[in-house]
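Engineer: Here is a sequence with its predicted model. Questions after.
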Amino acid sequence: MKPIQDGRKLSRSAMEGIRIRAVQQVQAGESPEAVIKALGFNPRRIYQWLALYRAGGWDALKSKKAPGRARKLGGPQLRWIYQTVTTKNPLQLKFQFALWTRPMIAVLIKKKYGVKLSLASVGRLLSQLGLTCQKPLVRAFQQNPKLVEQWLSVEYPKIKRQAKREKAEIFFGDESGVRSDFHSGTTWGKSGETPIIRATGARFHLNMISAISPRGAIRFMTTKSGVNATVFITFLKRLLEGNSRPVFLIVDGHPSHRAKKVKAFIESLAGKLRLFFLPPYSPELNPDELVWNDVKNNGVGRRMICSPVDLERAVQSRLRLLQKNPDRVRSLFQEKHVRYAA
């Protein structure tokens, strides 16, 4: 275990530099706990320094600090706020909403410490702690973390070794649906007047299936019907078409993937195709999910869709564009939760 540093043994200028660099690192988004651990100081120190910075800015971190307003929240209080926001769900603290907001955090601080902060002050406080407002990832409560860990550390590495031995190509597959009334993005307009986009009131729906490989390959098909075992087998045939190497396809546990008809079809291929299954309720582990984000946001969400033909053209146009750009497909495997599959 690394011994805790004694700041009293360092010069005033050295400690000043350490304090400033530590707060800068937190401001840049690093965890306060990780920053102070790397420096070898007591974990409480970083929150004391953040409290000093919050009260008096960078001057407050200098050896001869400039006078600032009296602190309302000290190091221990900031540490508690950071740990609560980063490790607790608001529902655990009897809030009615599952995502942290500035008003909720203001209420939290008022109840805990009797300190009333404006929303602007709460925002500055969170920024000073290195926290940012982000769109959260949704996880099904049925997900088993142990199965996810086993997939990452045992199952997928085993699949990669097997694929290397058999000279097989690994693909990740998935299905999704898109509606004609899906929209994304923003548009310019007069200040204070929400722009109105005219579109047809009719709604159309299209189902899509695709599979992508870490090497940048993508195969896809669209269907107006639901994705059942028969449709899935049709896609598997297309996936194998023109591929001289065995294919290892990784999918979720959808009933169409586990159907007897599908199993019989795969067995008839004598090892040319193998099917593997992701842990239940773990879509974030599938890089192919990112294909649908791209298609919906960049292919459909920004276009005028007036008919089923328009919808199909928009979807297929975006998928073909990805197919012609292997680098873009490979880049999907660099996203945080699917980097393991690159």
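Structural biologist: Right, received. Where do you want to start?

Engineer: Count the residues that sit near residue 291.
Structural biologist: Residues lying near residue 291 (other CB atoms under 10 Å) number 25. In this view, the C-beta of every residue, glycine as well, is placed from N, C-alpha and C.

Engineer: is it true that residue 123 touches residue 101?
Structural biologist: No. Applying CB atoms under 8 Å, one finds residue 123 not in contact with residue 101, separated by 10.6 Å.

Engineer: element containing residue 48?
Structural biologist: For residue 48, the host element (DSSP states H and E) is helix 43-56.

Engineer: mind listing the helices for this protein?
Structural biologist: Listed in chain order, the helices of the chain (DSSP state H) span 12-27, 32-39, 43-56, 75-87, 102-113, 119-128, 145-150, 156-166, 229-240, 255-258, 260-267, 288-294, 308-323, 326-332.

Engineer: neighbouring contacts of the last one?
Structural biologist: What that stands for is helix 326-332. Contact with helix 326-332 is made by 212-218, 287, 290-291, 294, 322, 338, 342, as judged by CB atoms under 8 Å, 6 or more residues apart in numbering.

Engineer: Report the lowest-confidence entry in those residues.
Structural biologist: Least confident entry in these, by pLDDT: residue 294, with 89.

Engineer: can I assume that one is in contact with residue 318?
Structural biologist: Yes. The pair residue 294 / residue 318 is scored as a contact, 6.8 Å apart, by CB under 8 Å.

Engineer: Check which helices and strands the longest strand belonging to the chain sits against.
Structural biologist: Using DSSP state E, we find that the single longest strand of the chain is strand 169-179. Contacts defined by 3 or more CB pairs under 8 Å, 6 or more residues apart in numbering; DSSP states H and E place strand 169-179 against helix 156-166, strand 205-212, helix 229-240, strand 247-251, helix 288-294.

Engineer: What pairs with that strand, parallel or antiparallel?
Structural biologist: strand 205-212 (antiparallel), strand 247-251 (parallel) (DSSP bridges).

Engineer: Quick one: closest of those to residue 150.
Structural biologist: Residue 150 lies closest, by CB to CB, to one member of the strands paired with strand 169-179: strand 247-251, at 14.6 Å.

Engineer: Would you confirm that residue 177 contacts residue 203?
Structural biologist: No. With contact defined as CB under 8 Å, residue 177 does not reach residue 203; the gap is 11.8 Å.

Engineer: ok, these two, which is more surrounded?
Structural biologist: Comparing residue 177 with residue 203 by other CB under 10 Å, the one with more neighbours is residue 177, at 14 against 11.

Engineer: Next, work out how far apart the more buried one and residue 287 are.
Structural biologist: According to CB to CB, to the nearest Å, residue 177 stands 19 Å off from residue 287.

Engineer: low pLDDT regions in this protein?
Structural biologist: Counting by pLDDT under 70, the chain shows low-confidence ranges at 1-9, 64-71, 135-143, 180-202, 302-303.

Engineer: domain parsing for it?
Structural biologist: The chain resolves into domains spanning 7-128, 145-182+202-341 when parsed by automatic domain parsing.

Engineer: Relative to residue 134, which of those is closest?
Structural biologist: domain 7-128 (10.0 Å).

Engineer: Quick check: closest non-adjacent residue to residue 29.
Structural biologist: residue 130 (5.4 Å; CB to CB, 6 or more residues apart in numbering).
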